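Colleague: Just a sequence and a predicted model for now, questions to come.
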Amino acid sequence: MTKKICVSFFLKIDKKRRDGNAPIYVRLTKNSDVASFSTGKYLTIQRWNKLETARKDEDYYLRMELEAIRKKAIDIAEKLVEEGAIFSMNEVKNYLIDPQSLNRKNSHTLLELFELHNSKFWEKVDIGRRTNESFKKYKSVQKHLKEFLTVKFSTTDILLSKLDLEFMESFEYFLRSKKIGNNTALKYCQFLASMITTGKKKGWIEINPFSEFEYDFEEIDTPYLTEEQLAAIASKKFASERLSIVRDIFLFSCYTSYAAVEVRKLTHEAVRVHLDGRKWIFTKRQKTGVSSNVPLFPQVIDIIERYKNHPDCIGNRLLPKRSSAKVNEYLKEIGTLCNIPFDLHHHVGRHTFGTLMITKGVSIESVSKMMGHKRIVQTQLYAKIVASKVGSEMQKVNIFSSRPPILDESQYTVI
């Protein structure tokens, strides 16, 4: 890595003084990463052009001083490489200007922290404790962050100690400038903020520079299916097996609340008879690790039986495994064929379960348990949807549309 680091010197002519002397600058280069700063030394153009061969004592000692700067820069880079750090030329420059900053307690960088987090996160993905989809989101944030650092600061990394609230606000603005939606941009900012939590645990940073950042998420009305729409999809006969399989995977989510990642990993061992004599699925949500145990409707049992001997259900898998991309692609096609007035995607199934359960009078506590929510406030979203639906439907009832007649009290005798 250090072989790619180049240390060179140049005379900054545009800052030449009246006496003809110009400042000598040092330039640090590694691939396309460049940083430069003044050495504090001055020389005329004539003496600079002859510096390499000059024999005067003062010019000789100047050459030695510049060579010492070169060696120091390379030594710093080698030290950082030995520590496994990810660093920029700006950081090497800072270390040259302020040698005390080479103390690694205060010189860990943001992307160094990202690399550490992502490597640990991938280990959890590898053993099934986290999803590859979540890992891809962190990698996406890291990619945008690298671009942001290049555009905004002309660097490839930044010290954790240099982070402040303005950095986060600028990053949010940068994401929006790339036409990234409000909630997605703020979610990326949350991922960035989570890095600080990791850094504090490691002792790399003492305070959270983003603690005052405001996350103004927009409320999104995720669609859900009515009973009639659900029945239309369930009863639809498809000519192709690919649509039939994806329809059944989707219906499974509508009847159980399980997200795509949970459906893909379920096996027959998860289906057991409960104390009430009914078949249940006992599992934990991949996202939160919270138990999500659900009694099975007859429709779910029928779907499970349908694929019991299917060739795609190898390894005792409950349902055929299909990628999220293919499921969502085929669901759009299914939605069109079943005259659903919005685009279907797998998560609609989970929302359908939550909404219909509360509509049918199942307590919010029970729905929360079945859906594996950590906090009941997450489940209250579905109660809010139901309340909104009731309000909008009541507006269609016009029993009070005509006002009652005004009584003329003079026509009546007061008793």
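Modeller: Done, it's in.
Colleague: What part of the protein, helix or strand, is modelled with the least confidence?
Modeller: Every helix and strand of the chain was ranked by mean pLDDT, DSSP states H and E. The lowest is helix 376-394, at a mean of 68.
Colleague: Tell me which stretches of the stretch 1-150 of the chain form helices.
Modeller: Assigned helices in the stretch 1-150 of the chain, in chain order: 45-49, 57-82, 89-97, 110-126, 132-153 (criterion: DSSP state H, counting those that start in this stretch).
Colleague: In TSV, list these along with mean neighbour count.
Modeller: Any C-beta I mention is one placed from the backbone N, CA and C, and that applies to glycine too. Formatted as TSV, those follow (neighbours: other Cβ atoms under 10 Å):
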stretch	mean neighbour count
helix 45-49	14
helix 57-82	15
helix 89-97	21
helix 110-126	16
helix 132-153	15
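Colleague: Those: which one's closest to Glu241?
Modeller: helix 132-153 (25.9 Å; Cβ to Cβ).
Colleague: Could you spell out the sheet neighbours of the longest strand seen in the chain, each with its direction?
Modeller: Longest strand of the chain, by residue count under DSSP state E: strand 33-44. In the sheet, strand 33-44 lines up against strand 21-30 (antiparallel) (DSSP bridges).
Colleague: What lies in contact with the partner strand?
Modeller: 4-13, 15-16, 34-45, 48, 66, 69-70, 73, 77, 89, 92-93, 96 (Cβ atoms under 8 Å, 6 or more residues apart in numbering).
Colleague: do that again at 6 Å, thanks
Modeller: Here strand 21-30 makes contact (Cβ atoms under 6 Å, 6 or more residues apart in numbering) with 4-13, 15-16, 35-36, 38-39, 41-44, 69, 89, 92-93.
Colleague: filter those to the buried ones?
Modeller: Neighbour counting by 16 or more other Cβ atoms under 10 Å classes 5, 7, 9, 11, 35-36, 42-43, 69, 89, 92-93 among these as buried.
Colleague: Would you point out the most distant pair within these?
Modeller: Top of the distance list for the buried ones among the contacts of strand 21-30 (Cβ to Cβ): Ile5 and Tyr42, 25.8 Å.
Colleague: picking up where we left off before, among the helices of the stretch 1-150 of the chain, which gets the worst mean confidence?
Modeller: Lowest mean pLDDT within those: helix 89-97, at a mean of 80.
Colleague: pLDDT of the longest strand of the chain, averaged?
Modeller: 88.
Colleague: again with stretch 267-277
Modeller: Stretch 267-277 shows a mean pLDDT of 90.
Colleague: residues of that stretch that come out buried?
Modeller: By neighbour count on 16+ other Cβ under 10 Å, the buried set for stretch 267-277 is 270-271.
Colleague: How far off centre is that stretch?
Modeller: 35 Å (Cα atoms, centre = their mean, to the nearest Å).
Colleague: Please apply the same query to stretch 194-202.
Modeller: Taking Cα atoms, centre = their mean, one finds stretch 194-202 lying 16 Å from the centre of the chain it belongs to.
Colleague: Please report how far Leu337 lies from Lys236.
Modeller: 7 Å (Cβ to Cβ, to the nearest Å).
Colleague: Ignore what I typed, I meant Glu58.
Modeller: Glu58 is 91 Å from Lys236, where distance means Cβ to Cβ.
Colleague: same check, this time on Lys326
Modeller: On the measure of Cβ to Cβ, Lys326 and Lys236 end up 19 Å apart.
Colleague: again, but for Asp312
Modeller: Counting by Cβ to Cβ, the gap from Asp312 to Lys236 is 21 Å.
Colleague: How about Glu228?
Modeller: For Glu228, the distance to Lys236 - Cβ to Cβ - is 13 Å.
Colleague: With neighbour numbers in mind, choose between these two.
Modeller: Lys236 (14 against 7; other Cβ atoms under 10 Å).
Colleague: what's the distance between the more buried one and Asp221?
Modeller: Counting by Cβ to Cβ, the gap from Lys236 to Asp221 is 25 Å.
Colleague: Confirm that Asn208 lies within a strand, as I assumed.
Modeller: No: counting by DSSP: H, G, I helix; E, B strand; the rest coil, Asn208 is located in no strand; its state is coil.
Colleague: Can you report how many residues lie near it?
Modeller: 15.
Colleague: pLDDT score for the closest residue to it other than its chain neighbours?
Modeller: Spatially, and ignoring its direct neighbours in sequence, Asn208 is nearest to Ile196 (5.1 Å; Cβ to Cβ, 6 or more residues apart in numbering). Note on Ile196: pLDDT of 89.
Colleague: what about Ile196, neighbour count?
Modeller: 21.
Colleague: what's the spacing between it and Ile207?
Modeller: From Ile196 over to Ile207 the distance is 9 Å, taken as Cβ to Cβ.
Colleague: what does Glu115 give?
Modeller: 22 Å.
Colleague: what does Asp33 give?
Modeller: 28 Å.
Colleague: So these two - more neighbours on which side?
Modeller: Per other Cβ under 10 Å, whichever of Asp33 and Ile207 has more neighbours is Asp33, with 19 against 9.
Colleague: measure the more buried one to Cys6 for me?
Modeller: From Asp33 to Cys6 the distance is 11 Å (Cβ to Cβ).
Colleague: for Glu329, same thing?
Modeller: 49 Å.
Colleague: low-confidence ranges in the stretch 301-415 of the chain?
Modeller: For the stretch 301-415 of the chain, the stretches with pLDDT under 70 are 384-415.
Colleague: If we use 90, what do you get?
Modeller: Where the stretch 301-415 of the chain drops to pLDDT under 90, the residues are 308-309, 312-316, 321-325, 347, 350, 354-356, 358-415.
Colleague: Show me where it has its helices.
Modeller: Assigned by DSSP H, counting those that start in this stretch, the stretch 301-415 of the chain shows helices spanning 324-337, 346-359, 364-371, 376-394.
Colleague: winner for burial among the ones you listed?
Modeller: Of all the helices of the stretch 301-415 of the chain, helix 346-359 carries the top mean neighbour count, a mean of 22, counting by mean count of other Cβ atoms under 10 Å.
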